[in-house]
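1. pasting the structure only:
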């Protein structure tokens, strides 16, 4: 299991709210810290992928099952 510093529950929220919750959490974090985000929006992986490419924050693990997606995102400065 990956250790994380902050957990964000975005289950039940639809685009763009999961991404906005991730961005808010990252603003409060230090470089190198990890946020765990749980989302049920089927398009969240697309939004998070584009966001990480544009900002340099790294998705260090992505877990998907039938009902939810879990992202571990490491903040980069």
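-> Ah, there it is. Here the structure is a predicted model, which is why all the values come from computation and not from measurement.
2. wait, what's in contact with the nearest residue to residue 18 once chain neighbours are set aside?
-> Distances taken as CB to CB, 6 or more residues apart in numbering put residue 10 closest to residue 18, at 3.8 Å, once the chain neighbours are dropped. Every C-beta, even on glycine, is put in place using the N, C-alpha and C of the backbone. Residues near residue 10 by CB atoms under 8 Å, 6 or more residues apart in numbering: 17, 18, 21, 22, 37, 38, 39, 40, 41, 44.
3. residue with max distance from the center of this protein?
-> Most distant from the centre of the chain: residue 66, at 17.7 Å, with distances by CA atoms, centre = their mean.
4. could you tell me how many residues sit around the closest residue to residue 11 other than its chain neighbours?
-> Once flanking residues are discounted, residue 11 sits nearest to residue 40: 4.7 Å by CB to CB, 6+ apart. Residue 40: 15 surrounding residues under other CB atoms under 10 Å.
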